[in-house]
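Visitor: Structural data only, the sequence is not supplied:
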């Protein structure tokens, strides 16, 4: 039964990603918004809904290590696995805005997480925890960063003439666009829940510990919507949306999801170590460095292989 739930969840995830990508692309076209911004906001926050639900409910239930571990594991999975796989399929070009603004915002968020979760290390407390004030600051910073990014990102230029054949391809109606986006997100979230429940049950039967489940299966399971939507976007020729989804999800995971969770209930580190937080920071730094290799502003295939190997090494450190 657990295997069947896992497979059904996977099917819903793939279908939801397809509809979400098409609906989001139509939204970007209608309002002349860059596809990267749609990926950074609507797609990123929408596909991060599973992480939001898991972390907030875990915080309310007093399971701080699950709340933090879910976000930490998701961010590592997003870069090392999702971008790793996407780069293998097709190198991901990086714009000047990605290099100067978007990826550094991700580095900033990772550094902030490391700082607010290091009370004992910094000598300002006996226990490493993310307090309510930390959470409020993170939420305000998230709103400010997203607002700034939207304001400074140029919109696509309007063409004076319709391209040939454009008359035959009418814009998607507003109601259909909304149905595709909302329905796609619903399928992603529900499918992710089914997949996560099935995979977690199988892991518990195999005797895997809760902390490892949180950083690996829970994090990977809640990141499946990002994986599916990024791959579908890439196959549809929308690499900007795929990249924006991952960068936006990582920023939302730290500033929005952990910020909201900590505001509801202060979070202690528990079984999550600073080694895990340093790996989160490493993912952001490696993504930034990828823009300067071989004089190409892109995440190349060999870097995708490196990301996947690093993730394998990280998993080995967790379970050995």
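Guide: Received it, and whenever you're ready, just let me know what you need. On a predicted model such as this, the values are computed, not experimentally measured, just so you know. Residues are numbered from 1 along each chain as shown.
Visitor: Distance check, the most centrally placed residue in the chain against residue 64.
Guide: Centroid-nearest residue in the chain, with C-alpha atoms, centre = their mean: residue 249, separated by 2.9 Å. In this structure, residue 249 lies at 21 Å from residue 64, with C-beta to C-beta, to the nearest Å as the measure. To be clear about C-beta, it is placed using only N, CA and C from the backbone, and glycine gets the same treatment.
Visitor: Also residue 188?
Guide: Counting by C-beta to C-beta, the gap between residue 188 and residue 64 amounts to 26 Å.
Visitor: buried stuff in stretch 308-320?
Guide: Buried residues in stretch 308-320, counted by 16 or more other C-beta atoms under 10 Å: 308, 310, 311, 314, 315.
Visitor: cool, stretch 293-306 as well?
Guide: Under the neighbour-count criterion of 16+ other C-beta under 10 Å, stretch 293-306 has 298, 299, 300, 303, 304, 306 buried.
Visitor: mind checking the end-to-end distance for it?
Guide: With C-alpha to C-alpha, to the nearest Å as the measure, the first residue of stretch 293-306 is 13 Å from its last.
Visitor: Identify the residues contacting it?
Guide: The set of residues external to stretch 293-306 that reach it, using C-beta atoms under 8 Å, 6 or more residues apart in numbering, is 83-88, 91-96, 98-99, 286-287, 290-291.
Visitor: circling back: now the buried residues of stretch 308-320 as a markdown table including distance to residue 150?
Guide: Compiled in a markdown table, the buried residues of stretch 308-320 are given as follows (distance: C-beta to C-beta, whole Å):
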| residue | distance to residue 150 |
| --- | --- |
| 308 | 32 |
| 310 | 32 |
| 311 | 31 |
| 314 | 33 |
| 315 | 36 |
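Visitor: ok so, going back, just the buried members of the contacts of stretch 293-306?
Guide: 83-88, 91-92, 94-95, 98-99, 286-287, 290-291.
Visitor: Just those: which are in strands?
Guide: Counting by DSSP state E, the buried ones among the contacts of stretch 293-306 place residue 92 in strands.
Visitor: on that earlier part again, now render the buried residues of stretch 293-306 as CSV, adding distance to residue 154, pLDDT and secondary structure.
Guide: Rendered in CSV, the data for the buried residues of stretch 293-306 read as follows (distance: C-beta to C-beta, whole Å; pLDDT from 0 to 100; DSSP: H, G, I helix; E, B strand; the rest coil):
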residue, distance to residue 154, pLDDT, secondary structure
298, 20, 85, strand
299, 22, 88, strand
300, 26, 89, coil
303, 27, 91, helix
304, 28, 92, helix
306, 32, 94, helix
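Visitor: Longest helix of the protein, counting residues only.
Guide: Taking DSSP state H as the assignment, the helix of the chain that covers the most residues is helix 174-205.
Visitor: Which strands and helices lie in contact with that one?
Guide: The elements that helix 174-205 packs onto, with contact taken as 3 or more C-beta pairs under 8 Å, 6 or more residues apart in numbering; DSSP states H and E, are helix 2-30, helix 44-47, helix 49-60, helix 210-213, helix 219-222, helix 224-235.
Visitor: which of those has the lowest average pLDDT?
Guide: Ranked by mean pLDDT, the helices and strands packed on helix 174-205 bottom out at helix 210-213, with a mean of 62.
Visitor: neighbours around residue 225, how many?
Guide: Residue neighbour count, defined by other C-beta atoms under 10 Å, stands at 30 for residue 225.
Visitor: now do residue 30
Guide: 13.
Visitor: on that earlier part again, for the helices and strands packed on helix 174-205, which one sits closest to residue 141?
Guide: Proximity to residue 141, assessed across the helices and strands packed on helix 174-205 by C-beta to C-beta, is greatest for helix 44-47 (15.3 Å).
Visitor: Packing partners of that closest one?
Guide: Contact here means 3+ C-beta pairs under 8 Å, 6+ apart; on that basis helix 44-47 packs against helix 174-205, helix 224-235, helix 239-251.
Visitor: now the angle from the last one to helix 49-60?
Guide: Angle, helix 239-251 to helix 49-60, by axes from the mean of the first three to the mean of the last three C-alpha atoms, to 10 degrees: 0 degrees.
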